[in-house]
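1. Sequence plus the predicted model coming up.
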Amino acid sequence: MGVNNLWKALGSAVQTLEGHNPGQHTEIVLAVENKVVAVDLSAWLMQAQSQPALLEHYDSPYARAAKVVFDRTIHWLRYGCLPVFVIEGQTPAAKLEKLRQRCLAQYGPTARSYDVGNRAGGQ
């Protein structure tokens, strides 16, 4: 769901670096060296569950997640960067209401019985 217009609000404070471009590797290392970086852990966990190479070697989804988080954390630490993991908690009430509205708009009246958000029972 995110914050509306976040990137626009950050404006020139944001610099995009593509990790797949070898020419930017040094620039990326310098940008994160001795910094603390917030990492959306859910993205890493989703990637851990969808990497074919990991699926071949690790039967447990927990083992795949641990492997990805450990390897990536070590990689960041090697460059002097401290990753701080962000894990979503319960869906805030305002966001939960917006999710309900979207669900109703997409699925119609039957969606009233659907659980939305990540609160127990959609409450």
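-> Arrived safely.

2. For residue 32, give me its contacts.
-> Contacts of residue 32 were listed using Cβ atoms under 8 Å, 6 or more residues apart in numbering, and they are 76, 79-81. The way it works is simple: take the backbone N, C-alpha and C, and place the C-beta from them, glycine included.

3. can you give me the strands for the protein?
-> Remark: strands assigned in the chain by DSSP state E are 36-40, 82-86.

4. What lies in contact with the first one?
-> The contact list for strand 36-40 (Cβ under 8 Å, 6+ apart) reads 76, 81-86.

5. Let's have the residues you listed in CSV, adding pLDDT.
-> Shown next, in CSV, are the contacts of strand 36-40 (pLDDT from 0 to 100):
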residue, pLDDT
76, 89
81, 91
82, 93
83, 91
84, 91
85, 90
86, 84
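
6. Can you tell me which of the residues you listed are buried?
-> Buried members of the contacts of strand 36-40, counted by 16 or more other Cβ atoms under 10 Å: 76, 81, 83.

7. With respect to residue 53, which of the strands of the chain lies nearest?
-> Residue 53 lies closest to strand 36-40 among these, at 21.2 Å (Cβ to Cβ).

8. and that closest one, average pLDDT?
-> Computed over strand 36-40, the mean pLDDT rounds to 86.

9. and that strand with strand 82-86, angle?
-> 30 degrees (axes from the mean of the first three to the mean of the last three Cα atoms, to 10 degrees).

10. and strand 36-40, which strands flank it?
-> strand 82-86 (parallel) (DSSP bridges).

11. Convert the C-alpha atoms of the strand it pairs with to CSV, please.
-> Only the C-alpha atoms of strand 82-86 are listed here, as CSV (Å, rounded to 0.1, in the frame of the first residue of the first chain):
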residue,chain,number,x,y,z
LEU,A,82,24.3,-2.2,9.2
PRO,A,83,20.9,-3.5,7.9
VAL,A,84,17.9,-2.9,10.2
PHE,A,85,15.1,-5.2,9.4
VAL,A,86,11.6,-3.7,9.0
